[in-house]
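K.L.:
okay, sequence plus prediction incoming.
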Amino acid sequence: MEGLLLAVGLLWFARGNQWTFVNPVGELSQDGCLTAQQQPQQVNRGGGDLPDLRQPGRVQAHGGLGPDTDNAFRDQLESLWGCDVYDMYGTHEMGMGAFECRHKSGMHFHEDSTFFEVVGVEDNKPVANGEIGNMVCTILHRRQQPMIRFNLRDLTRIVSTDRCECGSCFRRMQKMLGRSDTMVRIRGVSIWPQACLPAIKSDNRTTGEWLCIAERIVNDGVVRDEMTIKVEVRDDAGGWEGLKEHIEKRLHSDLGLRLNIELVPEDALIEWSNRGREGKPKRILDKRYEKK
């Protein structure tokens, strides 16, 4: 068997019966130690940064990955490494919770060890299959530190309750779509920063880094919430012509809301993106309630 498992937390490579941790960027660790936390959008600056595992003698290493909502990172890895890539879902609180089979039609819950529910973001009530909500889990086998209806605040939805082509009857979930605790409502529309990523990456002149800024504007006594998205542009982009308009149009199509786009040079957002540093990137600044 050869293939890759692309996890919310880790990336594994399988060749034969041996599973290998993979560090998607930078130098490969000689001892397999975790060298850095990396997000898929931080690895999109060219496939040459990714090690080619088709070459023999690769050492073991690993790194952290994040949501790949539009399969762009999966496609990049499959093209570069010449093998299938499969998604996994897990958190440090519960461990591994779901995995993809070879049919790639959703991630199968580990329902023999954990009970999963999807509940509304605001009311915590179960939602119908196919609706987006927070992931809630109850671990069935733990004797210490019990976890009962723990709200992980990861956004997803159940995509199938039918038997899969692989034979499994376990329910299947969609990819993790983002975090509900980063959600903001702008003019009645719920916006998750991660939902902006497909539009931002739709033009290869961007670095894939962005920052959403929510502000409250008062004009002649009228209060209006606005969001500006700062988007980094690559130094070698060759020109910014039409980029702002393209992203604005794509975001309006994806989100159903017109947002303001501000283009900034490469590395202008490094304070929030944490690229090359430890820690997760920050994608939202909510300034609506700041005192002026």
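P.N.:
In hand now; what should we look at? Numbers count the residues shown, from 1 in each chain.
K.L.:
residue boundaries of the helices in the stretch 151-292 of the chain?
P.N.:
197-200, 243-255, 270-273 (DSSP state H, counting those that start in this stretch).
K.L.:
check which helices and strands the first one sits against.
P.N.:
Using 3 or more Cβ pairs under 8 Å, 6 or more residues apart in numbering; DSSP states H and E as the contact criterion, the secondary-structure elements in contact with helix 197-200 are strand 206-219, helix 243-255. For every residue, glycine as well, the C-beta is placed using N, CA and C.
K.L.:
the second one now?
P.N.:
Contact partners of helix 243-255 among helices and strands, from 3+ Cβ pairs under 8 Å, 6+ apart: helix 197-200, strand 222-233, strand 260-265.
K.L.:
that one vs strand 222-233, what angle?
P.N.:
For helix 243-255 against strand 222-233, the angle by axes from the mean of the first three to the mean of the last three Cα atoms, to 10 degrees is 120 degrees.
K.L.:
pull out the buried residues from helix 243-255.
P.N.:
Neighbour-count burial for helix 243-255, counted by 16 or more other Cβ atoms under 10 Å, picks out 243, 247-248, 250-251, 255.
K.L.:
returning to what we had before: how about TSV for the helices of the stretch 151-292 of the chain, with distance to Met94 and mean pLDDT added?
P.N.:
Output for the helices of the stretch 151-292 of the chain, formatted as TSV (distance: least, Cβ to Cβ, whole Å; pLDDT from 0 to 100):
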stretch	distance to Met94	mean pLDDT
helix 197-200	25	88
helix 243-255	30	92
helix 270-273	28	87
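K.L.:
need the ones you listed in a markdown table with distance to His141, can you?
P.N.:
Shown next, in a markdown table, are those (distance: least, Cβ to Cβ, whole Å):
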| stretch | distance to His141 |
| --- | --- |
| helix 197-200 | 35 |
| helix 243-255 | 40 |
| helix 270-273 | 38 |
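K.L.:
looking at the helices and strands packed on helix 197-200, which is closest to Gly167?
P.N.:
Across the helices and strands packed on helix 197-200, Gly167 has its closest neighbour in helix 243-255 (35.4 Å, Cβ to Cβ).
K.L.:
compute the inter-axis angle for the closest one and strand 206-219.
P.N.:
Going by the same axes, to 10 degrees, helix 243-255 is angled at 80 degrees with respect to strand 206-219.
K.L.:
which stretches of the stretch 151-292 of the chain have low pLDDT?
P.N.:
276-279, 292 (pLDDT under 70).
K.L.:
what sits against the closest residue to Arg187 other than its chain neighbours?
P.N.:
Nearest-residue entry for Arg187: Asp225, 5.9 Å, with adjacent residues in sequence omitted and distances by Cβ to Cβ, 6 or more residues apart in numbering. The contact partners of Asp225, by Cβ atoms under 8 Å, 6 or more residues apart in numbering, come to 185-187, 214-217, 288.
K.L.:
go with 7 Å
P.N.:
Under the criterion of Cβ atoms under 7 Å, 6 or more residues apart in numbering, the contact list for Asp225 reads 186-187, 214, 216, 288.
K.L.:
any chance you could read off phi and psi for Arg74?
P.N.:
Here is the backbone geometry of Arg74 (degrees, to the nearest 10): phi -60, psi -50.
K.L.:
reformat the helices and strands packed on helix 197-200 as JSON lines; add distance to Gly97.
P.N.:
Formatted as JSON lines, the helices and strands packed on helix 197-200 follow (distance: least, Cβ to Cβ, whole Å):
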{"stretch": "strand 206-219", "distance to Gly97": "27"}
{"stretch": "helix 243-255", "distance to Gly97": "27"}
